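Enquirer: Build me a structure from this.
(chains A and B)
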Amino acid sequence: MQVELINVFIKAAMDVLRSETGEEPSAGSIKVLSSAQTSEEVTVMIGVTGDVRGMVLLGMSERTAKGIVSRMMGEPCPLFDELAQSGIAEMGNVITGLATQGLEQAGYGAVISPPALVAGGPGIIISTVNIRRFVVPLHCGVGDLVLHAALELAPATSQHGHSNGRAVVAPGVFGI
Amino acid sequence: MAKVLLVDDAAFMRMRCAKLLQEEGHEVIEAANGREAVDVYLAQKPDAVLMDITMPEMDGLEALREIRARDAGAKVAMLTAMGQQSIVIEAIKSGAKDFVVKPFERERVLAAVAKLVG
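Expert: Numbering: from 1, shown residues only, chains lettered A, B, ... in the order given. Just a heads-up that it's a prediction; the model follows:
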């Protein structure tokens, strides 16, 4: 179940990065972490609820964020201003939205929250107390990103739905 | 050319869509959430509406239903990251004429507007 979930999000992130930047992205090795995370300079946070619930984080440097926004706009993006922040948050929203379609195809209903953006890092701690996160580095021509997914099946789903008794990501609390 | 109401809580998406619609000669008006969309629609009666779904205050599906309740002839297409089949069906049942899933291609958005005003 864990791999099934994270693969949906990796594919969605790769598809959106390819579409928005025109670059062919690649994914690095998946790590599973439970320690607190120091945020990147820019982190998009999106909540997921439904059969699958939890949080997806997309972290990157400000330079990478500006590079992505520049490609999305088709013009230079010298400042990471409110409009650029909106663009990066929306990219996170689209990645997660696309992933929910993949989850639906796998039989899991899920909806996403409007995105929230944390800027001003590193140094801001996004704590995932006692929760395991899948962490996947993503590389593309405009820079590197890190996808964090801490997801679990909702209790009714995990008991009676598609988990078939397999382990799922432990529940936890995100805070900043 | 048409007057198009763009509804999205993301300023970047409004800017991006407005730019491509204006390049085609369309007039663009904007709203940042569903509640604002209903108010702007009633005040300005646009020819077409491109509506996001996940928004604060009032989501796009609720705004779609409210606009259609006030104007049964309203021409609304959803433009959203939420492309699950259940949501597409709900939108069509609520009166949406088209459903465009982000990330979108320029031609797909222009085709949706052409379909609405054609």
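Enquirer: mind listing what whichever residue of chain A sits closest to chain B touches?
Expert: As assessed by Cβ to the nearest Cβ, chain B sits closest to A:Gly97 within chain A, at 2.6 Å. Glycine gets a C-beta too; all of them are placed from N, C-alpha and C. Residues in contact with A:Gly97, defined by Cβ atoms under 8 Å, 6 or more residues apart in numbering or on different chains, are A:112, B:54, B:80-83, B:101-102.
Enquirer: Name the member of the residues you listed with the most neighbours.
Expert: Comparing the contacts of A:Gly97 by number of neighbours (other Cβ atoms under 10 Å in any protein chain shown), B:Ala81 comes first, having 30 neighbours.
Enquirer: was I right about that one contacting A:Ala89?
Expert: No. Assessed by Cβ atoms under 8 Å, B:Ala81 is found out of contact with A:Ala89, at 11.4 Å.
Enquirer: so which strand or helix has residue 4?
Expert: You didn't pick a chain, so chain A it is. helix A:2-21 (DSSP states H and E).
Enquirer: Sorry, I should have been clearer: chain B.
Expert: strand B:3-7.
Enquirer: Quick one: work out the angle between the helix or strand encompassing the residue of chain A closest to chain B and helix A:2-21.
Expert: Per DSSP H and E: A:Gly97 is located in helix A:82-105. Between helix A:82-105 and helix A:2-21, the angle comes out at 140 degrees (axes from the mean of the first three to the mean of the last three Cα atoms, to 10 degrees).
Enquirer: Buried residues, helix A:82-105. List them.
Expert: Buried residues in helix A:82-105, counting neighbours by 16 or more other Cβ atoms under 10 Å in any protein chain shown, are found at A:83-104.
Enquirer: follow-up on the earlier one: check which helices and strands the helix holding A:Glu4 sits against.
Expert: strand A:26-27, strand A:52-60, helix A:62-73, helix A:82-105, strand A:133-140, strand A:143-153 (3 or more Cβ pairs under 8 Å, 6 or more residues apart in numbering or on different chains; DSSP states H and E).
Enquirer: Mind giving me the packing neighbours of the helix or strand just after the fourth one?
Expert: The reference is to helix A:82-105. Once helix A:82-105 ends, the next helix or strand along the chain (criterion: DSSP H and E) is strand A:110-112. Taking 3+ Cβ pairs under 8 Å, 6+ apart as contact, the helices and strands that strand A:110-112 lies on are strand A:42-50, helix A:82-105.
Enquirer: Now with 10 Å, please.
Expert: If you count contacts as 3 or more Cβ pairs under 10 Å, 6 or more residues apart in numbering or on different chains; DSSP states H and E, strand A:110-112 packs onto strand A:42-50, strand A:52-60, helix A:82-105.
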